[in-house]
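> can you look at this prediction? I've put the sequence above it.
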Amino acid sequence: MARKFLYIIAAIIFLIIAGLVTYRLAGPQLMRAAMVPSADFQAQPPMPANDWADAKMWLARPDIRNNPSEWLPDGYQPVAPGNAAVFYVHPTSYLDRSAWNAPLDDATANDRAALFARGQASAFNGVGKVWAPRYRQATFGAFLSGQRESQLALDAAYRDVVAAWDAFLIANPSGPIIIAGHSQGALHIVRLIHDRIAGQPVASRIVAAYAIGWPISVEADLPVLIPACATRNATGCLVSWQSFAEPADPSQIVDLFDRSPGYTGKTRQGTRILCTNPLTGTPGGSAPPQANLGAVVPSSDLKSGKLEIGTIGARCDDRGFLLIGAPPEGFGTYVLPGNNYHVFDYSLFWSNLRADAAIRLAAFGAK
């Protein structure tokens, strides 16, 4: 089943195993004890970009057979992809507490990551060829700890993403680029935008960056990144949201977010979080369920998924969280505390995200 099911199973399974049940039963302290590595941090030897010249270093690449990013739900017909090259970074799929960073040959983590690519990166297979690197991701427990080792693990994972990005640019020296990621993957692409894209020549090739499932401060981060996408056909810009049903309690995210410095060096405390409404393609505002072109909803036995059209609306609240109204059917069992629909950020708006990328690529070409 794991190789056939497309998108959300990996997220569902890992969240259940990784601590959702534990959290509800025993709270965050026990969850940290269960998931945060007890081992010392082991520095990862740097890997040069030319290591990613090998197809084995990619979950998805145009020349890979059984490419997970080529999946489509029932009702969608394959189309000739557009001319963009898509760089996608998957979210956390490594749960082991024996190490702070995933080995590249961890089969379980790689299988989960491929399922993420199937369900998330597939939204972009109509606009271009998807490249999704393997990387020595930080383990799930690194996000539950304020230890120094957590940042070291994230830094190590980011270095792999940078090396993969350099190899991606060598393989794609010209033409439009779309960047996408979720959760840990979104964290890394935001840092990549800050360090290697904003203000650089390659910025002129960016159609859009989809940093979904990670908070970005409008005041403390955006001024030194690329601008937020202000209109439906804006290009060279950033899209981001975090999904919650109502009543929403994002306090866990807010508490950590407010204690962290932004990329400008200013505090994020009290600042607005970037919220792109996926149903309109613009910051803020609201849209009714009828504007939803299709959410991918898992079946009750988790063996398949189907499109539900026109059932889930969206509005951005004052702080910048995306609210989807009452909990929608088909998702509730696997929702995080606070009505946090984090694992469904892509699937709730899969068809709109696909259309958004196509609109922005067409606008980029028109320029």
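Right, received. Where do you want to start? Residues are numbered from 1 along each chain as shown.

> quick one: buried residues of the lengthiest helix in the chain?
Of all segments of type helix in the chain, defined using DSSP state H, the longest is helix 148-171. Along helix 148-171, the positions that meet the burial threshold by neighbour count (16 or more other C-beta atoms under 10 Å) are 149-150, 152-154, 156-165, 167-169. Where C-beta positions appear, they are placed from N, C-alpha and C, glycine not excepted.

> which residues does the nearest residue to residue 320 once chain neighbours are set aside bridge with?
Excluding its sequence neighbours, the residue lying closest to residue 320 (C-beta to C-beta, 6 or more residues apart in numbering) is residue 273, at 3.0 Å. Taking DSSP bridges as the rule, residue 273 bridges to residue 217.

> wait, residue 273 touches residue 228, no?
No: Residue 273 lies out of contact with residue 228 (C-beta atoms under 8 Å); the separation is 11.0 Å.

> okay, now residue 48: neighbour count?
When neighbours are defined as other C-beta atoms under 10 Å, residue 48 has 10 of them.

> and the pLDDT at the closest residue in space to residue 336 that isn't next to it in sequence?
Closest residue to residue 336 apart from its sequence neighbours, by C-beta to C-beta, 6+ apart: residue 342 at 5.6 Å. Looking at residue 342, its pLDDT reads 93.

> again with residue 20
Residue 20 is assigned 49 on the pLDDT scale.

> do residue 261 as well
Reported pLDDT at residue 261 in the predicted model: 94.

> can you pull the contacts of residue 59?
Going by C-beta atoms under 8 Å, 6 or more residues apart in numbering, residue 59 touches 68, 90, 110, 113, 114, 117, 132, 133, 134.

> 6 Å instead?
By C-beta atoms under 6 Å, 6 or more residues apart in numbering, the residues touching residue 59 are 113, 114, 117, 132, 134.

> for the record, mean pLDDT for whichever strand or helix holds it?
Secondary-structure assignment from DSSP states H and E places residue 59 in strand 58-60. Confidence over strand 58-60, taken as the mean pLDDT, stands at 97.

> okay, residue 27: pLDDT?
The score at residue 27 is 51. That number is its pLDDT.

> count of neighbours near residue 102?
Counted with other C-beta under 10 Å, residues neighbouring residue 102 total 25.

> can you check residue 43 too?
Residue 43 has 10 neighbouring residues, counting by other C-beta under 10 Å.

> show me where the stretch 51-200 of the chain has strands.
Assigned by DSSP state E, counting those that start in this stretch, the stretch 51-200 of the chain shows strands spanning 58-60, 84-89, 128-133, 177-182.

> what about those strands, which gets the closest to residue 329?
Nearest to residue 329, of all the strands of the stretch 51-200 of the chain, is strand 177-182, at 22.9 Å by C-beta to C-beta.

> what residues does the closest one touch?
With C-beta under 6 Å, 6+ apart as the test, strand 177-182 has contacts from 84-89, 91, 120, 189, 205-210, 212-213.

> where does that strand sit relative to the chain's centre, distance-wise?
8 Å (C-alpha atoms, centre = their mean, to the nearest Å).

> next one: stretch 110-126
Taking the mean C-alpha point of stretch 110-126 and that of its whole chain, the gap between them comes to 10 Å (C-alpha atoms, centre = their mean).
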